[in-house]
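take this sequence and fold it.
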Amino acid sequence: MYGQFLNIDPPKQQRIINAAMAEFSQYGYNNTSTNAIVAAAEISKGALFHYFKNKQQLFQFLFDYAIDLIMRDYNTRIDYSERDIFRRLEQIMTVKFELMRIHPDLIEFLKTAMTDSAPEVKQYVTGNFAKVKQTSYEQLLANIDYSLFREGINIKEALQVMVWTYDGLANETIMMLKIHPEKEYDWEELYQKGAQYTALLRQLFYQQED
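Have a look, this model is predicted:
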């Protein structure tokens, strides 16, 4: 279905993908302008509709692309034999930060897509994301060693705090990238901040070694 698009050179593909994700994530489906996308991607409108039949097909391609990219990176780069939830979450955050660095609007695009009320989006996203979400959550928690937690800790609540913490760090980064797009972001500082949060949470939730 997307053969014409997938056959163009990768830098041009990436320009179009990033431009379209930026537009959809900023304006939502109904208010996204294909004129703005082609201007940002530096292609003609005819070329865009040569690759994609219409705006809906472009959106569906981007959504599938984003999900496939995340799942592929998670499946190939995360060591699921690691039983320490913090070490596993560190690996997940590293993958997520690298995706954000290469595709600055990918995470925001998915977040916007999941709350977009346009019928063309809602039906597609609801059906396709539910299966991925369930699979990825089960995978994240598979084979975790819960005996490492302190006695009396509500593990379900502790896991929720972990997710909020790392999501909050990612959301803060996305906001900074949007406010100061001209600045080169210090990714090393972000990794260090993530490691500091991990050390703090580990101290709070895990049994301490003698």
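
give me the low-pLDDT residue ranges for this protein?
130-135, 178, 181-185, 210 (pLDDT under 70).

immediately after the longest helix anywhere in it, which helix or strand?
For the chain, the helix with the greatest residue count under DSSP state H is helix 155-179. Counting by DSSP states H and E, the element after helix 155-179 in chain order, helix or strand, is helix 187-205.

who's in contact with that following helix?
By CB atoms under 8 Å, 6 or more residues apart in numbering, the surrounding residues in contact with helix 187-205 are 86, 89-90, 93-94, 97, 101, 149-150, 153, 158, 161-162, 165-166, 169, 173. Using the backbone N, CA and C atoms, a C-beta is placed for each residue, glycine as well.

if we go to 10 Å?
Applying CB atoms under 10 Å, 6 or more residues apart in numbering, the external contacts of helix 187-205 come out as 84-87, 89-90, 93-94, 96-98, 100-101, 148-150, 153-155, 157-159, 161-162, 165-166, 168-170, 172-173, 176, 186, 208.

follow-up on the earlier one: show me what the longest helix of the chain is packed up against.
Applying 3 or more CB pairs under 10 Å, 6 or more residues apart in numbering; DSSP states H and E, one finds that helix 155-179 makes contact with helix 10-31, helix 85-102, helix 106-115, helix 119-141, helix 187-205.

want to try CSV for the ones you listed, with distance to residue 55 and mean neighbour count as columns?
CSV is the format used below for the helices and strands packed on helix 155-179 (distance: least, CB to CB, whole Å; neighbours: other CB atoms under 10 Å):
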stretch, distance to residue 55, mean neighbour count
helix 10-31, 8, 18
helix 85-102, 24, 18
helix 106-115, 13, 19
helix 119-141, 8, 13
helix 187-205, 33, 14
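
many thanks, we can stop here.
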